[in-house]
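Peer 1: predicted model and sequence below, questions to follow.
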Amino acid sequence: MKLGKKAFTILSFAIGTSIFVSTAFADMALGSGYDRLKSAIKNTTAQMEQDLNNYTVESLITLKANDQTLYQRTEVGKYDHDKQAIERATTSQNLNGKMTSHYYYSDNKRSISKNGTDNKYFVSEFPERMDDREIFTDPFNEDGAPEMEKIIDALVGNLKDEVQVEEKPDGSRIYSGSLSEMQVPALINAVSSFYTKQVINDEFRRVSNSNLPVIESDIFVKKISGTAVENKAGLLENLAGEVVMSGTDKSGVQHDITLSAVFKLSDIGNTRVSMPDLSGADVETVTVNHRSGFTSKYIGTYKNNIVMEKNGEFVKIGERTLEITRVENDKVTGRYYETIKPEYASEYPEPYNFTFEYEPDDSKPFSFFTYTNPQGEQEHGHLHPGRLGNVYLDLNLEMVDSHSYSSNIDQDYIFNGELDRVFEDE
């Protein structure tokens, strides 16, 4: 269950470009509003971690090329510290306009996830209550945060007077600012150019049928703008930013790439997080434990069909293969690879092919193995036994908090993580 290369590349581009937005916006605020804005950001994230009982966070990220939407992701997250519960719903639109969705719920007893319109839920039950679990982690307390803050503070141009801070009668504040291409610092332009070339040229050339133009030269930040609303309690309720990058392709045609992001904090004290009703649903339940649960009887080959939808029908375009070659003292060694039919090679991201060693760590709530994806990047996976004759494999995992994780998935290729044993007499 991995994030498709199209979606991965878009998100990589979005995250990298967001750094330029936040840096430039911080630069714009370095006048009289900078200290107040930074204080509001820190106060908000600190209260989200410790003081706010419950709240809702909404986000919208959009990537466009020449005003055409290439990728859009919306997320609504609900957090309840008293119940120690999280509920999150995500919807994405990929380059071809196809919509995908993911639902996730977690409390101190279980986690529940569901992909798309499929009525199958995957439930992980914890053998012991995970009390005092972290619902939200303040990013300013993460490793490297002080150094990153210093870097942003150091990137100061002649932009101190560009921010506008409006004081409202009720004690709230509105921060706003906008930079034209002539005002963007040279350092941001240089880093932007390098990063865009790396992402566009190295990543998108591997993806066929991509509508995103390949920008090769004359790359610069055309415009940056941002706004933030701080309520009278000192919490940021809204934060929005947009960056427009321009450049030319190999034919000399100029293109504008626009990334916009909007975040909203709402329903403080009024958010309700509820476990989904699983009555009548197809439920796959797994009890989480520190041991892998594997013995020598699991040595063998397991397969899963790679399926895509074409012309209103499901079509098998290849296979996923997991080979468990050794199990010793709860340590599992094996290989995973994907085989694509030649006629569909241009329609599928570069296949995965890696070896792995999986050994549970008793000191952690969840154990993962590390592998290298086709782009040479490190990702995390999880493996556990299923019913008789099959196993479950999760790839490209992200930790949601210290006691739960989620899996990125590209629903263009139907894959629920279940691989069936292949027997010699078949």
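Peer 2: Nice, I can see it. Everything numeric here is computed off the predicted structure, so don't read it as measured data.
Peer 1: which is the next helix or strand following the helix or strand where residue 64 lies?
Peer 2: For residue 64, the element it lies in under DSSP states H and E is strand 54-65. Once strand 54-65 ends, the next helix or strand along the chain (criterion: DSSP H and E) is strand 68-80.
Peer 1: elements contacting that next one?
Peer 2: helix 5-28, strand 54-65, strand 85-93 (3 or more C-beta pairs under 8 Å, 6 or more residues apart in numbering; DSSP states H and E). Using the backbone N, CA and C atoms, a C-beta is placed for each residue, glycine as well.
Peer 1: same question for that strand, mean pLDDT?
Peer 2: Averaged across strand 68-80, pLDDT comes to 88.
Peer 1: partners of it, with directions?
Peer 2: Paired with strand 68-80 in the same sheet, following DSSP bridges, are strand 54-65 (antiparallel), strand 85-93 (antiparallel).
Peer 1: of all those strands, which lies closest to residue 135?
Peer 2: Nearest to residue 135, of all the strands paired with strand 68-80, is strand 85-93, at 6.1 Å by C-beta to C-beta.
Peer 1: in the closest one, what counts as buried?
Peer 2: 85-88, 90, 92-93 (16 or more other C-beta atoms under 10 Å).
Peer 1: cool, stretch 303-322 as well?
Peer 2: Buried residues in stretch 303-322, defined by neighbour count with 16+ other C-beta under 10 Å: 304, 306, 308, 317-318, 320-322.
Peer 1: a markdown table for those residues, including secondary structure, pLDDT and distance to residue 371?
Peer 2: Listed next are the buried residues of stretch 303-322 as a markdown table, based on DSSP: H, G, I helix; E, B strand; the rest coil; pLDDT from 0 to 100; distance: C-beta to C-beta, whole Å:
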| residue | secondary structure | pLDDT | distance to residue 371 |
| --- | --- | --- | --- |
| 304 | strand | 90 | 17 |
| 306 | strand | 89 | 18 |
| 308 | strand | 83 | 23 |
| 317 | strand | 91 | 22 |
| 318 | strand | 91 | 19 |
| 320 | strand | 93 | 14 |
| 321 | strand | 94 | 14 |
| 322 | strand | 93 | 12 |
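Peer 1: nearest to residue 263 among those?
Peer 2: Distance ranking of the buried residues of stretch 303-322 against residue 263, using C-beta to C-beta, places residue 308 first at 33.4 Å.
Peer 1: what's across from the closest one in the sheet?
Peer 2: For residue 308, the beta-bridge partners are residue 315, residue 413 (DSSP bridges).
Peer 1: helices of this structure, start to end?
Peer 2: Counting by DSSP state H, the chain has helices at residues 5-28, 34-49, 145-154, 186-197.
Peer 1: for those, which has the smallest mean pLDDT value?
Peer 2: Among the helices of the chain, helix 5-28 carries the lowest mean pLDDT (a mean of 44).
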